[in-house]
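[1] Sequence and predicted structure, then a few things I'm wondering about:
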Amino acid sequence: MHVLHISETFVTGVYTYIQSICAFTAQDDRIKTSIIYSPNREGTDELDFEKDFSENVELIPIRMQREISLKKDFKSLKQLQNAVKQIQPDVIHLHSSKAGVLGRLAAKAYPKAKVYYTPNGYAFLREDLSKTKRKFFKLIEKYISKIYGGTTIACGDTEYEYAKRLGKSKMVRNGIDLSELDHIKVKPSLKLNSIVTLGRISAQKNPKLFNAIAEIFPAINFVWIGDGELKHELTAKNIEITGWLDREKALNLLAKHDVYIQTSLWEGLPFTIIEAMALQKPILATDVIGNKDAVVDQKNGFLCDSIGDFENAINQLKTKPQFLRNFGKQSKILAKNKFDRNKNFEQLVEVYLTY
């Protein structure tokens, strides 16, 4: 079976998702893989491809524009159609909104292919867009599914609830290879001294909120593992910004801190939270899609709607250190039960083969 992945964005969570699928299916002799990606999205690093993908994975660059541009989108569509005709895949798996549209149009060039689409966070749920744009993107999602078909493979529970309203859908949760973290030493948390997050310092991750929380608790060390265009918004004196680290160093550093925090405005289903859970971290997170699919409020952390909620949650963790231990244990249990990549992606392979 030849599986073709198509994605306009080939960075951060979507990149990790595709790379993780390919790492899993590389072990399956029944599956051959090709990837069409856009090389012009900021943050795409082709130098990483050699270490991240098997030499048997074919990587094909085709420029796609994130924003809507009829002229550029039409050019991208023609190239995608030509590639699909040439590859003649059995399965086309589309990732994120732009590829979800262009890819379904291009798939008509080879109608024998089964088409699947993973939103990784619907565009119409983005909080940085106007209501008009969000309504427009929701209409696109609704009608592109009705007219051009395909099955949505939601990567999380809440995304699946939206997907079912828009058309044919199925859920296969994101996951990580839990065995890859077995060697990392986890510092047992007896007292709340430090709070950490990991990711791009961008509008989606809401660094203003992260900064405001840090200002309330000057005695706690806040660490942001990563970098990004909104770095200047992290001004509190108790915030440390590490810059980008390779995955091994980032996870080892994350493991040394007491609590993981995610202040995102929206998410798909973030790998960073799943990794933090596997490393036995209590989670503080905004109560948004993606985050709430991983965090069970007051079981392995707290879901928060406001800065006041975060303040209350941190005060509870400070005064009741048993929460740190109990939430950490529950995080690891939930990660094992719900987000085991090997178990989840076995379901994905079955979808490719039989659905």
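    Great, that's in hand. This is a predicted model, so every value here is computed, not measured. Residues are numbered from 1 along each chain as shown.
[2] Any figure for the gap between the residue lying closest to Arg41 once chain neighbours are set aside and Phe271?
    Nearest residue to Arg41 in three dimensions, chain neighbours excluded: Thr9, at 5.4 Å (Cβ to Cβ, 6 or more residues apart in numbering). Where C-beta positions appear, they are placed from N, C-alpha and C, glycine not excepted. Counting by Cβ to Cβ, to the nearest Å, the gap from Thr9 to Phe271 is 15 Å.
[3] list the contacts for the residue nearest to Arg41?
    Tyr15, Ser38, Arg41, Arg66, His95, Ser96, Lys98, Ala99 (Cβ atoms under 8 Å, 6 or more residues apart in numbering).
[4] State the mean pLDDT of the helix or strand harbouring Lys72.
    Using DSSP states H and E, Lys72 maps to helix 70-87. For helix 70-87, mean pLDDT is 96.
[5] elements contacting that helix?
    With contacts defined as 3 or more Cβ pairs under 8 Å, 6 or more residues apart in numbering; DSSP states H and E, the packing partners of helix 70-87 are strand 2-7, strand 32-37, helix 97-107.
[6] Now tell me which helix or strand of this protein has the poorest mean pLDDT.
    The helix or strand of the chain with the poorest confidence is helix 49-52; it has a mean of 88 (mean pLDDT, DSSP states H and E).
[7] List the contacts of that one.
    Looking at what lies outside helix 49-52 - Cβ under 8 Å, 6+ apart - the contacts are Gln19, Leu59.
[8] buried ones in that helix?
    Phe49, Asp52 (16 or more other Cβ atoms under 10 Å).
[9] which residues sit against the next helix or strand after that helix?
    Downstream of helix 49-52, the next assigned helix or strand under DSSP H and E is strand 58-61. Applying Cβ under 8 Å, 6+ apart, the set of residues contacting strand 58-61 from outside is Thr33, Ser34, Ile35, Ile36, Tyr37, Ser38, Pro39, Phe49, Phe53, Ala83.
[10] one step back: so can I have TSV of the helices and strands packed on helix 70-87 showing distance to Tyr148?
    Shown next, in TSV, are the helices and strands packed on helix 70-87 (distance: least, Cβ to Cβ, whole Å):
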stretch	distance to Tyr148
strand 2-7	14
strand 32-37	17
helix 97-107	4
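[11] Helices along this structure, start to end?
    With DSSP state H as the criterion, the chain has helices at 12-25, 49-52, 70-87, 97-107, 131-148, 157-166, 207-216, 247-255, 271-278, 291-294, 307-319, 322-338, 341-354.
[12] First residue to last residue on stretch 122-134, what's the distance there?
    Start-to-end span of stretch 122-134 (Cα to Cα, to the nearest Å) is 10 Å.
[13] and that stretch, what's its mean pLDDT?
    Stretch 122-134 comes out at a mean pLDDT of 88.
[14] burial of Phe126, as a residue count?
    Rather than Phe, residue 126 is Arg. 16 (other Cβ atoms under 10 Å).
[15] list the contacts for it?
    Counted by Cβ under 8 Å, 6+ apart, Arg126 has contacts Arg134, Gln204, Leu265, Trp266.
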